[in-house]
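# attaching a predicted model along with its sequence, questions to come.
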Amino acid sequence: GRVAAGAAAGTAAGAAVFRPVHAYVLMDAQSGRVLDSENADTLTYPASLTKMMTLLLTFEALERGTLRLDQELPVSRHATNQKPSRLNLAVGSTIRVEDAILALTVKSANDVAVVLAEALGGSEEQFAEMMTAKAQALGMTSTTFRNASGLPHKEQRTTARDMARLSRAVVSRPAREYAYFSRTRFDWNGTVVPGHNRLLGRVEGYDGIKTGFINLSGFNLAGSASRNGQRLVAVVLGGTTAAARDREVAELLEQGFGSAPPKQTVAVTDVKAAR
């Protein structure tokens, strides 16, 4: 059959097909208790879920007063050299911190992730060390960050359990900060920039968090929903398509809220091309 979207086939004839690690974790956001999981501690790649950490450190800088929402941040050549998704910033231009936050939560812009990294860490490399230190402080013991965006780097590794811990830290931030993750679009220079998180408005109580994709990781999604005072986080890594990944997160959340059978009985077979 056809190789599912996101799987990278070897170039040699008869080479084994590479399949990303498939893993998931369903977590109660208040207690941190894991309600269901598969391959929770298997190392894989975070892709753009990385930007949750970039944003967490941005929120902490705002809280400390070392950054302001209306502050203009300079755009370096290194930032503009990032691969898509991008906001296509020009070298020497600036972007407001609040627009930068929205560019990450809505557009997952890699150039803007670097702008924030350089503003907070001096260089992206130094910022990645700050990210990794924060990961350790959160108990994300299997995670190493090497960049602020999640673009491919062989040493940028994580697990589903660690991404659930990071998601829990993000959803626990003040409501005004977490609200950025529920935005479906934002205005940039007179243009409406649409978002990637298709579960917004489709799952009861669902209000964010972050999508991701690189070939090595497959399709990733960390999602959160709140119902009747209970908040859950579901992380799926290694989805075959965006649609399959979305459905799996939705199923995990429904299961966690008690309105679906256990995850093991739900087969995710959707391999339609991602839209």
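Arrived safely, thanks for sending.

# ranges for the helices of the stretch 51-200 of the chain?
For the stretch 51-200 of the chain, helices defined by DSSP state H, counting those that start in this stretch occupy the ranges 51-64, 77-80, 97-102, 110-121, 124-137, 160-171, 175-178.

# which of those sits closest to L253?
L253 lies closest to helix 160-171 among the helices of the stretch 51-200 of the chain, at 12.3 Å (C-beta to C-beta). Where you see a C-beta, it was placed from the backbone N, CA and C, and this is true even at glycine.

# the inter-axis angle of that closest one versus helix 51-64?
30 degrees (axes from the mean of the first three to the mean of the last three C-alpha atoms, to 10 degrees).

# who touches helix 160-171?
For helix 160-171, contacts defined as C-beta atoms under 8 Å, 6 or more residues apart in numbering pick out 23-25, 27, 29, 32, 34, 37-42, 44, 46, 49, 52-53, 55-56, 135, 138-143, 178, 181, 208-210, 220, 222, 224, 231, 233, 235-237.

# and the most centrally placed residue in the chain, which of the three is it?
The centre of the chain sits closest to L49, judged by C-alpha atoms, centre = their mean, with a distance of 2.1 Å. Under DSSP: H, G, I helix; E, B strand; the rest coil, L49 falls in the helix class.

# can you tell me which residues contact it?
Going by C-beta under 8 Å, 6+ apart, L49 touches G150, T158, M163, L166, K210, G212, N220, A222, V235.

# the last one is in contact with A29, isn't it?
No: with contact defined as C-beta atoms under 8 Å, V235 does not reach A29; the gap is 11.6 Å.

# quick one: which of the two has more around it?
Ranked by neighbour count (other C-beta atoms under 10 Å), V235 and A29 place V235 first, with 32 against 20.

# which secondary structure element contains the more buried one?
strand 230-239 (DSSP states H and E).

# coming back round to it: now the residue nearest to the centre of the chain: closest residue in space, sequence neighbours ignored.
Distance criterion C-beta to C-beta, 6 or more residues apart in numbering; nearest residue to L49, sequence neighbours excluded, is G212 at 4.5 Å.

# pull up the gap between the one you found and A100, please.
G212 sits at a distance of 18 Å from A100 (criterion: C-beta to C-beta, to the nearest Å).

# when those two are compared, which one has more neighbours?
Between G212 and A100, counted using other C-beta under 10 Å, the more crowded position is A100 (29 against 26).

# would you agree that one is in contact with V115?
Yes: judged on C-beta under 8 Å, A100 makes contact with V115 at a distance of 6.0 Å.

# circling back: now the residue nearest to the centre of the chain: how far from N197?
Taking C-beta to C-beta as the measure, L49 falls 12 Å from N197.

# next one: T50
Relative to N197, and taking C-beta to C-beta, T50 is found at 16 Å.

# quick check: mean pLDDT of stretch 127-142?
Throughout stretch 127-142, pLDDT has a mean value of 98.

# quick one: contacts of it?
For stretch 127-142, contacts defined as C-beta under 8 Å, 6+ apart pick out 41, 43, 50, 53-54, 56-57, 116-118, 120-121, 143-148, 157-159, 161-162, 165-166, 169.
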